[in-house]
Structures are given as C-alpha cells and as structure tokens.
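In: Pasted the sequence and its predicted model underneath.
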Amino acid sequence: MNSRYLFGLILFAFSIISVSADPKIIGLNCLVIPRKLHPSFSNQSVITIEISNDKNVSFLKDRIRDEWANLLGSHLPYEIVLRKIEDTSNNLLSAYNFEGKEEGIEMSPVNPIYHYFPNQPYKKDVHVVLYFDVKHDEL
C-alpha cells in the first residue's frame, strides 16, 4: 500500500474522530411559525431544546415535533424543514408577518447538529426556525 495513501487515510480518520469525539450538550432556542401567522404566536412561542450536537438534525426535528405535537404531529418528516438562524424572535415574527419572508439556512436532516452549531450559540437568539403549513383548524 502506498505510504502517502495510508497517511492520508489515517489523517482523514483522525479528523473525523476529532470532530465528533467531543460532543457538547447545547441549548437551541426553536421557534415554530405557521405560514398563516396566527396572533397567538409571539416571542413566547420559543422553546429551548437541550441536545447533544453529535446527533443528526433529524433527531432535533423529532424533538421539536414531540414538543409541538398538537401542531406538528400529523406532519410527515419531509414536511418539517428546519432552518438555522441567529436573530431575535421579534425580528423573525415581524419580518414574516410584514414581508412573508422565511429566514435562515435550510438544515439537512442527515447532517450532525455540530455542522451548524459546533458550540453553544448566543443564548438570547433564536437558533432554529420552522415554518409550517397548518393542516386543519389546528390553531
């Protein structure tokens, strides 16, 4: 076996271990916003989920769906798209209410959370936002 190839393989394996060997429990402030904004949704609609950042985004998606089961329980996994954001809930709600703007970077369900949040983000911001369609008269 070529020594350069072997060295590259060892270096690659070490980089994977070093990135994922130190998982951190982080708190992510998550805001769920229905696409037809209801007046009852406000900055009080933010929930904080404590999660290890070595879990996949799909695990975070399940946790959010569990917390908001009355609104999201009937939604299929592909209907729930999480977006990474760093803003205040008031700004997000205002931007959506007045402009219909959906903010944030779409988070892939197969990526580990540390891909988006390697460390604890600023605790007063919203970190994850989920815009969803209301299926029934759920609100």
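Out: It's in.
In: Tell me where the protein has helices.
Out: Assigned by DSSP state H, the chain shows helices spanning 3-20, 57-67, 69-72, 89-99.
In: hey, least reliable of the ones you listed by pLDDT?
Out: With a mean of 45, helix 3-20 has the lowest mean pLDDT of the helices of the chain.
In: contacting residues for Pro109?
Out: The contact partners of Pro109, by CB atoms under 8 Å, 6 or more residues apart in numbering, come to Asn56, Val57, Ser58, Lys61, Pro77. In short, each C-beta sits where N, CA and C put it, glycine included.
In: Tell me the pLDDT of the closest residue to Leu28 other than its chain neighbours.
Out: Spatial nearest neighbour of Leu28, excluding adjacent residues (CB to CB, 6 or more residues apart in numbering): His127 at 4.5 Å. On pLDDT, His127 comes in at 90.
In: With Leu28 instead?
Out: Looking at Leu28, its pLDDT reads 96.
In: Might one say that the residue nearest to Leu28 is in contact with Glu86?
Out: Yes - at 6.6 Å, His127 and Glu86 qualify as touching, with contact defined as CB atoms under 8 Å.
In: Neighbouring strands - and their directions - for the longest strand seen in the chain?
Out: Longest strand in the chain by number of residues, with DSSP state E as the criterion: strand 25-34. Using DSSP bridges, the strands paired with strand 25-34 are strand 46-52 (antiparallel), strand 126-132 (parallel).
In: And for the residue nearest to Leu28, the neighbour number?
Out: Other residues within reach of His127, judged by other CB atoms under 10 Å, total 26.
In: mind listing what the nearest residue to Glu103 once chain neighbours are set aside touches?
Out: The spatially closest residue to Glu103, leaving aside those adjacent along the chain, is Ile85, at 5.4 Å (CB to CB, 6+ apart). Applying CB under 8 Å, 6+ apart to Ile85 gives the contacts Leu92, Glu103, Gly104, Ile105, Asp125, Val126, His127, Val128, Val129.
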